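Chemist: no letters, just coordinates:
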């Protein structure tokens, strides 16, 4: 038994789950792992988030905040914060991804997720807990450089000159204020079908379970809706995207449509740029090539966002330094 296994066994014993049956539930793109536990008729989920690579404090804080607002984040059953171990309420197996694969009503599931965002964003400042970190310019710039650090050398065979990289950052710095033309809210950051649960029997938007929000920030209200509808892992019909976007806008009649569209385009370009870099990093650094299959889709989404006039300078930079014929998939 490894040292980590011993730490986990001790935690489960202290929590009253020492004799529970345990089975691997999932892993993700981070260092976190999840196990399902059975104790008679009771079930729970063990989150193993080993420090220093992971920090469970943000998850605990945001889960408590969301639950306090009436949303279905997993309840915390036990915790060893220092060791990165949480025992959580088991919300079941019904991720939106699984439900969609089983033939569930796609439009109905997406409407539920959009309605949750509408409900949350209507809270205004109350949606954001004290101490929530900002999605500021420094974070935006740091994240878009993941692509130039990890993806660009993979497809070009070399790093770009320092002057080109400085120009890239400068163009993004000019875009940062455009993203902030809409109000801030709680941004859960990875709000998409893999991280949403269908919870039968719960009323209203509580029927939408929330799994992944530990990277939450205070940022533009366009971000989570864009993350949902411009999914790196699955295609969504354009007419459904338009209907759902309109559903959201109808709930906020005073929201400036031009500012919303500009903020959406910048946030979409920023997220898709980061994701391309992260998928390349997962392949090269972490030995997880399975994400590479999504890169062509993410490039299509990025190119769509670049069509907005506000992003013309960034589009020009990409066309010069990373032209369409070089936007390939790194070697696994």
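Modeler: Ah, there it is. Remember, it's a predicted structure, so these values are computed and weren't measured experimentally. Numbering: from 1, shown residues only.
Chemist: and the closest residue in space to residue 96 that isn't next to it in sequence, how many residues sit next to it?
Modeler: Distance criterion C-beta to C-beta, 6 or more residues apart in numbering; nearest residue to residue 96, sequence neighbours excluded, is residue 193 at 3.7 Å. In short, each C-beta sits where N, CA and C put it, glycine included. Neighbours of residue 193 under the rule other C-beta atoms under 10 Å: 21.
Chemist: now residue 193: how far from residue 208?
Modeler: If you measure residue 193 against residue 208 using C-beta to C-beta, to the nearest Å, the figure is 11 Å.
Chemist: and residue 218, by the same measure?
Modeler: Distance, residue 218 to residue 208, by C-beta to C-beta: 21 Å.
Chemist: one step back: ok, the residue nearest to residue 96 touching residue 234?
Modeler: Yes: using C-beta atoms under 8 Å, residue 193 is in contact with residue 234, at 6.8 Å.
Chemist: who touches both of those two?
Modeler: Common contacts of residue 193 and residue 234 (C-beta atoms under 8 Å, 6 or more residues apart in numbering): 97, 100.
Chemist: re the thing from before, common neighbours of residue 193 and residue 208, please.
Modeler: What both residue 193 and residue 208 touch, as defined by C-beta under 8 Å, 6+ apart, is the set residue 113.
Chemist: before we move on, the earlier item: residue 218 and residue 208: which has the busier surroundings?
Modeler: With neighbours defined as other C-beta under 10 Å, residue 218 and residue 208 compare such that residue 208 has more, 22 against 18.
Chemist: quick one, what contacts that one?
Modeler: Here residue 208 is in contact with 71-72, 112-113, 115-116, 196-199 (C-beta under 8 Å, 6+ apart).
Chemist: nearest residue to the residue most central in space within the chain in space, please, no chain neighbours.
Modeler: Taking C-alpha atoms, centre = their mean, the centroid of the chain lies closest to residue 190, which sits 1.4 Å from it. Residue nearest to residue 190 in three dimensions, not counting chain neighbours: residue 212, with 4.6 Å by C-beta to C-beta, 6+ apart.
Chemist: that neighbour reaches residue 197, doesn't it?
Modeler: No: taking contacts as C-beta under 8 Å, residue 212 lies outside contact range of residue 197: 10.6 Å.
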